[in-house]
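Visitor: Kindly return the folded structure for what I paste below:
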Amino acid sequence: MSTISVVSPTAVLAVHVRFENNSLLVALSDGREISAPLEWFPRLRDATPKQRKHWRLIAKGIGIHWEDIDEDIAVSTLLRM
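Guide: So this is what the prediction gives:
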């Protein structure tokens, strides 16, 4: 009998953020990288490259914050999309 391992969304943290073409890419602590179209985040879509690069992790990686554009994105939100 095989068992399925389920990882709680709160157990997975962001470790790095980058942008490519029209996508937000977030590297996760479990080795995955998830992407989302910038169209889903109008503040990021409309931000300058400099503003996009100015991010920090929230609470050791449960989310990402962009001070210059007042945007916060939780990893759990990205995993549900």
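Visitor: from here on, contacts and neighbour counts on C-alpha atoms
Guide: Fine.
Visitor: residues contacting the spatially most central residue of the chain?
Guide: Residue closest to the mean C-alpha point of the chain, counted by CA atoms, centre = their mean, is V26 at 4.4 Å. Neighbouring residues of V26 by CA atoms under 8 Å, 6 or more residues apart in numbering: A14, V15, H16, V17, R18, E33, I34, S35.
Visitor: how about 7 Å then?
Guide: Neighbouring residues of V26 by CA atoms under 7 Å, 6 or more residues apart in numbering: A14, H16, V17, R18, E33, I34, S35.
Visitor: Could you check how far the closest residue to it other than its chain neighbours is from A11?
Guide: Of all residues not flanking V26 in the chain, V17 sits nearest, at 4.7 Å (CA to CA, 6 or more residues apart in numbering). According to CA to CA, to the nearest Å, V17 stands 18 Å off from A11.
Visitor: Then A74?
Guide: A74 is 12 Å from A11, by CA to CA.
Visitor: what about those two, which has more around it?
Guide: A74 (17 against 12; other CA atoms under 10 Å).
Visitor: check which helix or strand covers H16.
Guide: strand 14-20 (DSSP states H and E).
Visitor: what lines up beside that strand in the sheet?
Guide: strand 23-28 (antiparallel) (DSSP bridges).
Visitor: model confidence over the partner strand, on average?
Guide: The predicted model assigns strand 23-28 a mean pLDDT of 97.
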